[in-house]
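Colleague: the amino acid sequence is not available; the structure is as follows:
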């Protein structure tokens, strides 16, 4: 882990936060924890992570279906994306009815497997209107960022009290 910190410190902590926030599955959840761990102030970490985490969203919404269609033809991901798409389409009536808040919660509640990337893919598969999806995903990214900042910086402060 120390090697990773050294690598990113050479590039600059802000750049590291930016890159980590854009990595699928890690996203801003991991970047905010990283920022807290290296002692960066939360008011610097939070905006960088929100911007970087949201940056891929428009591209995923525009090109996501083409990517999914291609992934369905591959051996490695084909069966997963086919089942995932079928599962979502079965629930699409309820999901479309509540799509805005469903996407906000999917992205905003920081649990494994959720985030801006997965929220964008879900919006793409369910064909949620792009402007509506982008707003919901942005609200979710902000919500997650606030939750992770409060949790990370509170945990780091508590940990430092015992050191």
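Modeller: Now that the structure is in, tell me what you want to look at. Note that the coordinates shown come from a computational prediction; the quantities given were computed from them, not determined experimentally.

Colleague: which pLDDT value does the model give residue 94?
Modeller: Confidence at residue 94, expressed as pLDDT, is 66.

Colleague: quick check: the residue nearest to residue 142 when sequence neighbours are not counted vs residue 72, distance?
Modeller: With sequence-adjacent residues excluded and distances taken as CB to CB, 6 or more residues apart in numbering, residue 142 is closest to residue 50, at 6.0 Å. (Each C-beta comes from the backbone N, C-alpha and C, glycine too.) Residue 50 is 31 Å from residue 72, where distance means CB to CB, to the nearest Å.

Colleague: tell me which of these two has more neighbours.
Modeller: Here residue 50 and residue 72 are compared on neighbour count by other CB atoms under 10 Å; more neighbours surround residue 50, at 22 against 15.

Colleague: now do the contacts for the more buried one.
Modeller: 28, 141-142, 145 (CB atoms under 8 Å, 6 or more residues apart in numbering).

Colleague: TSV for the residues you listed, including neighbour count and pLDDT?
Modeller: Putting these into TSV (neighbours: other CB atoms under 10 Å; pLDDT from 0 to 100) gives the following:
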residue	neighbour count	pLDDT
28	32	95
141	27	98
142	18	98
145	28	97
